[in-house]
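A.B. asks: Sequence and predicted model, in that order:
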Amino acid sequence: MVYEGFQFFDIIVFAGIAAFLIYRLRNVLGKRSGFEKKIGKPQPREKEINSTKNIPQLKENETKLSKAYEVLTDFDHKKFLEGAKFAFETIINAFNNSDKKTLKNLLTKDVFLIFENAIEEKKNNPNYQFYSIVVDEVTNVSVIDSLINITIKITSEQFKDNDESTISKKQDTWTFQKKINSNSPIWLLSST
C-alpha cells in the first residue's frame, strides 16, 4: 500500500515531462496553420524551361533528337532509344504470337487495326525469334499540335524455328508518338 502513492506521483511526473516535451517540440517545429507557400526559387514557365534546357552531346545519327529535348521537360534520349528497341521486340513478338491485348496497349488505333487485320489474315509467324536489334538512325522528329513524333530506322536480325543458320536481316522505319504534356513514359507506335 505504501507504493500506491509513489505510482500516482510517477504518473504525474511523467505527464509533466510529456507536456513539457510537447510544448518544446511545438515551439521548435511550429504548427501548420492553413495554406503556406513553398519556399524556394519560383518555377520557370514552360517556354523558359525549353529555352534554358541543356541538351546533351548526341551522336551524329541522333542529332534530330535535340528537338525532343526542346519540347519535352523530362526527355532522355538513351532511355527513349532503349525503350524503342524493347518496344520493337515486344510488338513484333506480340504480333507473331497473335497477342492483340499487348498490341492494343502499344499501338495507336489506326496501327492496331492494321496489325489486327494482318493477324486475321495469318500474316504473322510465331516461329521467328530475335537475334539482334540495332537503332541505326533517328530520321525525323516532328511536333504536330500536341503530339511529338520520333521516327527511327531499325535493323533487326531474326531467325526461324530455333535455327540460327536461318538468320535474316530486316530493316524497318517506325514512328513513335506521345502527347507532349503526358507524364506517361509510354510511346505508341503510330506508323510503320
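C.D. replies: Great, that's in hand.

A.B. asks: next helix or strand past the helix or strand of the chain with the lowest mean pLDDT?
C.D. replies: Of all regular secondary-structure elements in the chain, judged by mean pLDDT, DSSP states H and E, the least confident is helix 46-52 with a mean of 45. Beyond helix 46-52 in the direction of the C-terminus, DSSP states H and E gives the next helix or strand as helix 66-71.

A.B. asks: Show me what the helix or strand hosting residue 101 is packed against.
C.D. replies: Residue 101 belongs to helix 100-106 when elements are defined using DSSP H and E. With contacts defined as 3 or more C-beta pairs under 8 Å, 6 or more residues apart in numbering; DSSP states H and E, the packing partners of helix 100-106 are helix 77-96, helix 109-120. (Glycine included, C-beta is placed from N, CA and C.)

A.B. asks: Average pLDDT for that helix, rounded please.
C.D. replies: Confidence for helix 100-106, expressed as mean pLDDT, is 95.

A.B. asks: buried residues in that helix?
C.D. replies: Buried residues in helix 100-106, counted by 16 or more other C-beta atoms under 10 Å: 103, 106.

A.B. asks: and the residue nearest to residue 114 when sequence neighbours are not counted, what pLDDT?
C.D. replies: The spatial neighbour of residue 114 that comes closest, neighbours along the chain excluded (C-beta to C-beta, 6 or more residues apart in numbering), is residue 192 at 7.7 Å. As summarised for this prediction, residue 192 has a pLDDT of 92.

A.B. asks: right, and residue 192 touches residue 170 too?
C.D. replies: No: using C-beta atoms under 8 Å, residue 192 and residue 170 do not qualify as a contacting pair, with a distance of 11.8 Å.

A.B. asks: where does the protein dip in pLDDT?
C.D. replies: 1-9, 21, 23, 25-53 (pLDDT under 70).

A.B. asks: Please identify the most buried of the helices and strands packed on helix 100-106.
C.D. replies: For these, ranked by mean neighbour count under the definition mean count of other C-beta atoms under 10 Å, the leader is helix 77-96 at a mean of 17.

A.B. asks: Using the three-state scheme, assign residue 157.
C.D. replies: When the structure is reduced to helix, strand and coil (DSSP: H, G, I helix; E, B strand; the rest coil), residue 157 reads as strand.

A.B. asks: any idea how far the closest residue to it other than its chain neighbours lies from residue 82?
C.D. replies: Residue nearest to residue 157 in three dimensions, not counting chain neighbours: residue 131, with 4.0 Å by C-beta to C-beta, 6+ apart. Note on residue 131: its distance to residue 82, by C-beta to C-beta, to the nearest Å, is 18 Å.

A.B. asks: With residue 169 instead?
C.D. replies: Separation of residue 169 from residue 82 (C-beta to C-beta): 21 Å.

A.B. asks: Same check on residue 108?
C.D. replies: Counting by C-beta to C-beta, the separation of residue 108 from residue 82 is 21 Å.
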